[in-house]
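# Just a sequence and a predicted model for now, questions to come.
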Amino acid sequence: MGNKPSYLRTPELSKETLFTSGKGVVYRIPALIYLGDDKILAFAEHRKTTDDASTVALDMRTGKVNRNKGTSPAVTIEWSDVKEVTKAHLHGCRPMNPCPVYEKKNKTLFLFFICVKDGITEQWQIEHHKNETHLCYIKSNDDGQTWSEVTVFTENELDEIKQWDTMAVGPGHGIQMESGRLIVPLYAFYREKSQPDSPFSLCLYSDDQGDTWTLGKKLKMKSNECEMAEVFNDKGKSRIYCNARNAKYRVEAVSKNGGEEFSCLNKKILNDTGKGCQGSVVSFPDPSQPARNKWLLFSHPTDLSQRVDLGVYLNKSPQDPTQRSKPSIINYGPSGYSDLAYIDDGWFVCLMECGKHAYTEQIACRVFSYNDVERAIAE
């Protein structure tokens, strides 16, 4: 018992490379969205190098989920070729941080992202207190086959932008609540009087199918890249759970009013990696009571110092971080950013940075089931 590892081993699962880095091309920052009807889309930053400032485009692939009853593997995905999202662009700027969200009523796919002035880094903006980042989106009504022109938020539309030195969405996916509200996770560096600027997570939300957008209040704890999920408690009350990057420990928070404001949960429960790494979270139903999403799955590198061994953590009591399982490893070796999608019937997809020698070598897709995770936990 004393030699038992701190993580749980899952069966070897199929992994398919979707974006391959090579000479003059590096893919980073995965984002995934499931539209229903067995349709799924994957996005990534197309860079010249590993440098954040070298992004040139956002690329995508569309996928069709095949459910193979009675055969193995039971679920596979057929992916299209890589395609550049040419509309995700502003002249003189580089697009970054893809963050899709799907409005189910009108079947409208929004792709949020930021556009940063060429040659300008996040650190430069913080040091000079000058925001050179634009908050943008494009939208599609044909599942990503064609896209609208870019919409750019102005300071008149979102007055709080004036308080920011820089900002970013996600990265990862946004969500639609059962009520219909759309939620896009983001973080911003706020100008603090006589103090270094600090990042805080918050969300952008819409109650009219994406026609207008409002900013929620920032988390009270310093927090960075984040994702959110809707869960329901035993009384059927909706809660928005937020899991955010920080320097050493993840920040977890819950909102009772649809992301308008958050209360932080217990501190220093879930370790981050090194100086921090993005992670993904998705909610899904209790298999015995599938009417509503009550449980959470969280993905993140499991090592305390290096981005290696991507694991998924199960929590059946989302408002109590101490109830989280040990991580079940779904990718051994170099592992970086990831994004999760729940594709119904107890199945998940994880889009992840990974490789043999470095996590920037590729972005791959792994399909696994709740039963895979449950079996690993039971061992």
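Structure's in. What do you need? Numbering: from 1, shown residues only.

# What residues of the longest strand seen in the chain count as buried?
As assigned by DSSP state E, the longest strand anywhere in the chain is strand 328-342. For strand 328-342, a neighbour-count test (16 or more other Cβ atoms under 10 Å) marks 328-331, 334-342 as buried. In this view, the C-beta of every residue, glycine as well, is placed from N, C-alpha and C.

# Would you convert the residues you listed into TSV that also reports pLDDT and distance to Lys356?
Supplementary listing: those in TSV, determined by pLDDT from 0 to 100; distance: Cβ to Cβ, whole Å:
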residue	pLDDT	distance to Lys356
Ser328	93	22
Ile329	94	16
Ile330	95	16
Asn331	96	11
Pro334	97	7
Ser335	98	12
Gly336	98	14
Tyr337	98	17
Ser338	98	17
Asp339	98	21
Leu340	98	23
Ala341	98	25
Tyr342	98	29
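
# now, which of the residues you listed sits nearest Asn293?
Distances from Asn293 to those, taken as Cβ to Cβ, are shortest for Tyr342 (8.1 Å).

# Can you classify Lys218 by secondary structure?
Lys218 carries the three-state label coil when classified by DSSP: H, G, I helix; E, B strand; the rest coil.

# burial of the nearest residue to it once chain neighbours are set aside, as a residue count?
Spatial nearest neighbour of Lys218, excluding adjacent residues (Cβ to Cβ, 6 or more residues apart in numbering): Phe200 at 3.9 Å. By other Cβ atoms under 10 Å, 21 other residues sit near Phe200.

# which strands and helices sit next to whichever helix or strand Arg366 is part of?
With elements taken from DSSP states H and E, the one containing Arg366 is strand 362-369. Based on contacts counted as 3 or more Cβ pairs under 8 Å, 6 or more residues apart in numbering; DSSP states H and E, the elements that strand 362-369 packs against are strand 15-20, strand 26-36, strand 39-47, strand 75-79, strand 328-342, strand 347-354.

# Report the buried residues of the first one.
Buried residues in strand 15-20, counting neighbours by 16+ other Cβ under 10 Å, are found at 15, 18-19.

# do stretch 143-161 as well
When neighbours are counted by 16+ other Cβ under 10 Å, the buried residues of stretch 143-161 are found to be 144, 147, 150, 153, 158, 161.

# Could you do stretch 261-275 as well?
Burial within stretch 261-275, assessed by neighbour count using 16+ other Cβ under 10 Å, is assigned to 262, 265, 270, 272-273.

# distance between the ends of it?
For stretch 261-275, the separation between the terminal residues is 26 Å (Cα to Cα, to the nearest Å).

# Quickly note the distance from the closest residue to Tyr342 other than its chain neighbours to Leu296.
Closest residue to Tyr342 in three dimensions, ignoring its sequence neighbours and counting by Cβ to Cβ, 6+ apart: Phe284, at 4.5 Å. Using Cβ to Cβ, to the nearest Å, Phe284 is found at 8 Å from Leu296.
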